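**Student:** sequence plus the predicted model coming up.
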Amino acid sequence: MSKRTLRTGDRQLIRDINISLVVNSIRHYGPISRVDIARRTGLGRSTVSDIVGLLLKEEFVTETGSGHPNASTPVVGRPPVMLEFKPRSRFVVAVKLAPASVTAAVTDLDAEVIGSVERSIGIRLSEGAVRQQISETVYEALSCCGLSMDKVIGVGVAMPGIVDSRTGVSISPRFFPWQNLPLRSLLEEEFGVPVFIDNDANAAALAEKLKGYGRQTSDFVCVTVGIGIGAGIIIDNKLYRGSMAGAGEIGHITIQEDGPECTCGNRGCLELFASDDAIVREMKRIVESGCNSLVTRIAAEQNREIDRAIVACAAKEGDEAAFSVVRQAGEHIGVGLGTLVNILNPEMIVVAGEAVADFGSLLLDPIRDSICQRSMGVLARRLEIVESRLGAQIWIVGAASLVLDDFFGAPIYERPGYAAAVSIPDLMQS
Ligand SMILES: [Zn+2]
């Protein structure tokens, strides 16, 4: 396939700091009048009017007729025309690449899902097949929603392993056989729109920042528990990626110095004790040792191997063995997180991922107990530990926010004079 030209027009528009300030005022405070936008942004009224004209022409915003003048608007004369953001003027495609499946969803500019498609992929998806699998799923999702790439501002991909989001390279994806795959450029060539890729736990943290508990919190950790265990770290409202994009690899914290060997080369990593595989392995070991557990009956009834869902089902029905396996996993996770609390002193830990969705408080309670036990009391006392409310959508919202954060983020100008410009977080707090 010949290389397509990257279509960055919409994105270039919002790169202008004044346009960014105006569009974000309307996004966050609409319906809002031109006068109030000028007040909030400190821009001149004619500048605001010119920019609003442009945004109306590009259909990012709409006039909603005469609004009720609010306290900051003079009550004399005609009520002002109000402006509202149009979240469905453009769209985002969000992709979650998991070890055995790829999901593509179309969202609007508020990261609300409009439609999605999930397909299974072969285990050990090859380097050659990944572009095709993602692109087929993306085009299928778009066609389900009756849309084409023309209205899409970008594609975000959340995936496992170490991902350099700046260069768009999947460095070490854990569950896939490749190393250093330039996935972003492959997909930009395919789709012709900007593509953003990041580690899935990082994307989950961004999802929490955009639509979850993170909205009210500037320093928090989002830990994801399922096939793997990872964490996205938000410091001072920004995702902390580390020097080479590997921050938050909490699944590979040592919790047993002489423990079994891990795929990462270390011994006794947290994932060996608390991932899906670890939970199922421990459950099977207990059953095989002759312990009487509900999981045996449920597995036989459903005619399938013991898996996380079966362990969850048994534990919820009060099965002692399943309960203790889940509890132990939670305690191990708490050991890892307790260390993280001592290092980062976050305000909140949001626990997300498929395992917590299945186990709920059965997993969350021991995590909580263990964090309190393993971190300094003074830090733990003020720490909130909560279960994400975003459920399975967290990956998609996270992948979408990779695109939205860039699109609506305050542009960074290296030219002198712009350093003192109002930033979006300042604007949101005003
Ligand atoms: Zn490891």
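**Tutor:** Received, thanks.

**Student:** okay, strands next: where are they in the stretch 201-350 of the chain?
**Tutor:** Under the criterion DSSP state E, counting those that start in this stretch, strands of the stretch 201-350 of the chain are mapped to 220-225, 229-235, 238-240, 348-352.

**Student:** sorry, wrong one. I was asking about the stretch 51-200 of the chain.
**Tutor:** Under DSSP E, counting those that start in this stretch, the stretch 51-200 of the chain gives strands at 61-66, 81-85, 91-97, 101-107, 113-120, 152-159, 162-164, 169-172, 195-199.

**Student:** ok so, going back, mind putting the strands of the stretch 201-350 of the chain into JSON lines with mean neighbour count and mean pLDDT?
**Tutor:** For every residue, glycine as well, the C-beta is placed using N, CA and C. Formatted as JSON lines, the strands of the stretch 201-350 of the chain follow (neighbours: other Cβ atoms under 10 Å; pLDDT from 0 to 100):
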{"stretch": "strand 220-225", "mean neighbour count": "30", "mean pLDDT": "98"}
{"stretch": "strand 229-235", "mean neighbour count": "25", "mean pLDDT": "97"}
{"stretch": "strand 238-240", "mean neighbour count": "17", "mean pLDDT": "94"}
{"stretch": "strand 348-352", "mean neighbour count": "26", "mean pLDDT": "98"}
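
**Student:** reformat those as TSV; add distance to the ion.
**Tutor:** What follows is those, written out as TSV (distance: least, Cβ to the ion, whole Å):
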stretch	distance to the ion
strand 220-225	15
strand 229-235	10
strand 238-240	21
strand 348-352	20
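
**Student:** now render those as a markdown table, adding distance to Arg124.
**Tutor:** Listed next are these as a markdown table, based on distance: least, Cβ to Cβ, whole Å:
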| stretch | distance to Arg124 |
| --- | --- |
| strand 220-225 | 22 |
| strand 229-235 | 20 |
| strand 238-240 | 29 |
| strand 348-352 | 26 |
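
**Student:** quick one: contacts for whichever residue of the stretch 1-150 of the chain sits closest to the ion?
**Tutor:** Taking Cβ to the ion as the measure, the point where the stretch 1-150 of the chain comes nearest the ion is Pro99, at 16.0 Å. Pro99 sits next to 123, 160, 175-176, 227 when contact means Cβ atoms under 8 Å, 6 or more residues apart in numbering.

**Student:** quick check on those residues: which are buried?
**Tutor:** Neighbour counting with 16 or more other Cβ atoms under 10 Å marks 160, 175-176, 227 as buried within the contacts of Pro99.

**Student:** what two of these are the furthest from one another?
**Tutor:** Phe176 and Ile227 (12.6 Å; Cβ to Cβ).

**Student:** identify the contacts common to those two.
**Tutor:** Residues touching both Phe176 and Ile227 (Cβ under 8 Å, 6+ apart) are 99, 160.

**Student:** is the longest helix seen in the chain anywhere near the ion?
**Tutor:** Determined from DSSP state H, the single longest helix within the chain is helix 320-344. No - Helix 320-344 lies out of reach of the ion by Cβ under 5 Å from the ion, never closer than 11.4 Å.

**Student:** how about that helix: buried residues?
**Tutor:** 321-323, 325-341, 344.

**Student:** now do the end-to-end distance for stretch 345-353.
**Tutor:** By Cα to Cα, to the nearest Å, the extent of stretch 345-353 from end to end equals 22 Å.

**Student:** quick check: the residue of the stretch 101-250 of the chain nearest the ion.
**Tutor:** Glu249 (8.2 Å).

**Student:** pull the contacting residues for that residue.
**Tutor:** So Glu249 contacts 162, 230-231 (Cβ under 8 Å, 6+ apart).

**Student:** now render those as JSON lines, adding distance to Gly265.
**Tutor:** Converted to JSON lines, the contacts of Glu249 look like this (distance: Cβ to Cβ, whole Å):
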{"residue": "Ile162", "distance to Gly265": "14"}
{"residue": "Gly230", "distance to Gly265": "17"}
{"residue": "Ala231", "distance to Gly265": "20"}
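
**Student:** domain assignment for this protein?
**Tutor:** 9-86, 91-207+395-407, 213-389 (automatic domain parsing).

**Student:** determine which stretch of the ones you listed is the most buried.
**Tutor:** Comparing the domains of the chain by mean neighbour count (mean count of other Cβ atoms under 10 Å), domain 91-207+395-407 comes out on top with a mean of 21.
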